[in-house]
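Engineer: Any chance you could fold what I've pasted below:
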Amino acid sequence: MQQLTLRLHHLLYKNRRMIRQGNRLELPASSERNLKKVTIKLRGRNNRLVIGENVTLTHCEIRLGGENNLIEIGSNVRFSSGKIYLVDTQGQHIRIGADTTVEGAYLLVDEAASIDIGRDCMLSTDIIMRTGDKHSILDLETGERLNPSSGIRIADRVWVGRDVQILKGVTLQSETVVATRSLVSRAFDEGNCVVAGVPAKVVKRGIRWDRSKL
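Structural biologist: Model (predicted):
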């Protein structure tokens, strides 16, 4: 009976799954009934999509390809709109920590680098995170690539405002607030601060944030 109910749910909310043999989806019933207009595509070899308990995904596309890659979404995450792509690479991951909320984001890993987003983070809409530049910039004389990929690490309890771009190699520490329309292009070694601008820099220190209007 439960399986029939879930099938009707997927038909009603236009959920789609394409899972190539040799890949694995781990999806508990508590999260499966919270999928609405979600497309899941698992290709390549030996890849895993692990979704925790009580996760809510809506208007979202997840693509997982390459080989030995992992996308892990922690318990109680709400991802309201966007794309999560991990493709064309090996042994990398995208992890979203428990209790994190995402209103709208595009997360892309397509080279040898990963994305880690901590617990209880709050991401607004129109956010882009990518670990590479998609194309190569080469030294004219040696042919050496000058723009290798690099991972992104967002610690626990980071608030990212609307229309923010987070580029390769970025680290954000706990209790950081990223202001609207900022371009974050480097690692920050301090938390409890506000970063803002293009490129982003620390504009205020000694703060913490709260989801409530206190």
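Engineer: Flag the shaky bits of the chain, pLDDT-wise.
Structural biologist: Where the chain drops to pLDDT under 70, the residues are 1-4.
Engineer: can you pull out the helices in it?
Structural biologist: Assigned by DSSP state H, the chain shows helices spanning 2-12, 29-32.
Engineer: so which of the ones you listed gets nearest residue 20?
Structural biologist: helix 2-12 (18.8 Å; CB to CB). Heads up, the C-betas are built off the backbone N, CA and C, glycines and all.
Engineer: Residues touching the closest one, excluding its own?
Structural biologist: 15, 16, 29, 32, 33, 35 (CB atoms under 8 Å, 6 or more residues apart in numbering).
Engineer: for the spatially most central residue of the chain, what are its contacts?
Structural biologist: Taking CA atoms, centre = their mean as the criterion, residue 107 is the residue nearest the geometric centre of the chain, at 4.5 Å. Shown in contact with residue 107 (CB under 8 Å, 6+ apart): 82, 83, 84, 85, 94, 115, 129, 130.
Engineer: Quick check: the third one vs residue 151, distance?
Structural biologist: Residue 84 is 16 Å from residue 151, where distance means CB to CB, to the nearest Å.
Engineer: now do residue 31
Structural biologist: 26 Å.
Engineer: thinking again about what came up before, mind giving me TSV with the contacts of residue 107 and columns for distance to residue 163 and neighbour count?
Structural biologist: Converted to TSV, the contacts of residue 107 look like this (distance: CB to CB, whole Å; neighbours: other CB atoms under 10 Å):
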residue	distance to residue 163	neighbour count
82	13	22
83	16	16
84	19	25
85	20	19
94	21	25
115	19	25
129	13	24
130	15	21
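Engineer: Narrow those to those in strands?
Structural biologist: 82, 83, 84, 85, 94, 115, 129, 130 (DSSP state E).
Engineer: just checking, the fourth one touches residue 110?
Structural biologist: Yes. Under the criterion of CB atoms under 8 Å, residue 85 lies in contact with residue 110, with a separation of 7.0 Å.
Engineer: what sits in contact with each of those two?
Structural biologist: Counting by CB under 8 Å, 6+ apart, nothing touches both residue 85 and residue 110.
Engineer: Compute the first-to-last residue distance for stretch 120-138.
Structural biologist: One end of stretch 120-138 to the other measures 39 Å (CA to CA, to the nearest Å).
Engineer: how distant is it from the center of its chain?
Structural biologist: When distances are taken as CA atoms, centre = their mean, to the nearest Å, stretch 120-138 is centred 9 Å away from the chain's centroid.
Engineer: what about residue 117, neighbour count?
Structural biologist: By other CB atoms under 10 Å, the residues close to residue 117 number 27.
Engineer: For it, give me its contacts.
Structural biologist: Residues near residue 117 by CB under 8 Å, 6+ apart: 95, 96, 97, 100, 123, 154, 158.
Engineer: Swap in 6 Å and give it another go.
Structural biologist: Residues in contact with residue 117 (CB atoms under 6 Å, 6 or more residues apart in numbering) are 96, 97, 154.
Engineer: How many neighbouring residues does residue 7 have?
Structural biologist: By other CB under 10 Å, 11 other residues sit near residue 7.
Engineer: quick one, phi psi at the residue nearest to residue 139 when sequence neighbours are not counted?
Structural biologist: Residue nearest to residue 139 in three dimensions, not counting chain neighbours: residue 146, with 5.8 Å by CB to CB, 6 or more residues apart in numbering. Per-residue torsions, residue 146: phi -100, psi -10 (degrees, to the nearest 10).
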